[in-house]
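Engineer: just need the structure, nothing else, for what follows:
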Amino acid sequence: MTPEQVYSPAEDSDLLLRAALREVRPTDRVLEVGTGSGYVAEGVMGLAASVVATDINPHAVATARARGVDAVRTDLIRGLSGPFDLILFNPPYLPTLPAERMDDWLEYALDGGPTGRVVIERFVAEAGRVLPDLGRILLLVSSLTDPDAVRELFAGQGFVSFIVDTEAIGGETLYVIRAMRDLCRMRG
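Structural biologist: All right, here's what the predicted structure looks like:
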């Protein structure tokens, strides 16, 4: 059971887990950022060499730990040294105006700021620090977040990215973006 202050697994969680199950390798050191209930991290445990998860929400960390996930309370990847071969992230991607804020722990899982990309921008800027040259990122975004703008953020940090899975849910489409360092650009 998930406490009401923790994001419960939903269609987006299922989509990210589906993509992760296709991507994960037995030698991978996996990091799930913003684990929430720990559903996705738990789903890849036993398929990778190691799985670690983070969340800023103390209730989420406790819930993930109850599932057996090695969860750390931190903001995104702050304080982690890595390296992690595969990073999974279902970020807060809903465009949220200041007047719409809830000011509770669950808000950290939902509030993407006015563009829906505020947390994503921070993550993309920081992720390379803990990712080896051949590491991969799976990031879930919504049509409300503008996947092309997210891919431009990755490009600006020296990554190539492409969409590996999609699912239409209600009035939006969910996308899983796979990003890797652009090694040709790094060597060029």
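Engineer: so which elements touch the lengthiest helix in the chain?
Structural biologist: Ordering each helix of the chain by length in residues (DSSP state H) puts helix 11-23 first. When contacts are defined as 3 or more Cβ pairs under 8 Å, 6 or more residues apart in numbering; DSSP states H and E, helix 11-23 packs onto helix 39-44, strand 86-89, strand 136-142, strand 159-169, strand 172-181. Every residue, glycine included, has its C-beta placed from N, CA and C.
Engineer: beta-bridge partners for the residue nearest the centre of the chain, please?
Structural biologist: Nearest to the geometric centre of the chain sits F89, at 0.7 Å (Cα atoms, centre = their mean). Beta-bridge partners for F89, by DSSP bridges, are V33, L139.
Engineer: so it makes contact with V30?
Structural biologist: No: assessed by Cβ atoms under 8 Å, F89 is found out of contact with V30, at 11.4 Å.
Engineer: re earlier: and the longest helix of the chain, which residues are buried?
Structural biologist: Buried residues in helix 11-23, counted by 16 or more other Cβ atoms under 10 Å: D12, S13, L15, L16, L17, R18, A19, A20, E23.
Engineer: that one to strand 136-142, inter-axis angle?
Structural biologist: 160 degrees (axes from the mean of the first three to the mean of the last three Cα atoms, to 10 degrees).
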